[in-house]
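Participant: no FASTA, just this:
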């Protein structure tokens, strides 16, 4: 008798973006060795058997969007201090 086949199961992290051939693009909401749940943009929430489903991972976990840091507005006190240091010299 041969050795049993090893089954590779693709467990994804919640928040990852996937593309499914039938349902399109969606975001993983849950995934474990039994079931994977995906919220699709155009088809709503769908549950799949993790061991037999197939989808392409197209994005990492959606985090907070990164924005460039804003410069602080100078306060009147800081402006006055800068002016006084200039006038002293």
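Facilitator: Nice, I can see it. Please read these numbers as outputs of a predicted model, since none were measured by experiment.
Participant: where does pLDDT dip in this protein?
Facilitator: 1-9, 61-80, 82-89 (pLDDT under 70).
Participant: which parts of it are helices?
Facilitator: Assigned by DSSP state H, the chain shows helices spanning 76-88.
Participant: next, the buried residues of the strand of greatest length in it.
Facilitator: Looking across the chain with DSSP state E, the single longest strand is strand 24-31. Judged by neighbour count (16 or more other Cβ atoms under 10 Å), strand 24-31 contains these buried residues: 25-28, 31. All C-beta spots, glycine's among them, are computed from the backbone N, C-alpha and C.
Participant: what are the pairing partners of that strand, and which direction each?
Facilitator: strand 17-20 (antiparallel), strand 35-40 (antiparallel) (DSSP bridges).
Participant: can I get these in a markdown table with distance to residue 46?
Facilitator: Output for the strands paired with strand 24-31, formatted as a markdown table (distance: least, Cβ to Cβ, whole Å):
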| stretch | distance to residue 46 |
| --- | --- |
| strand 17-20 | 8 |
| strand 35-40 | 6 |
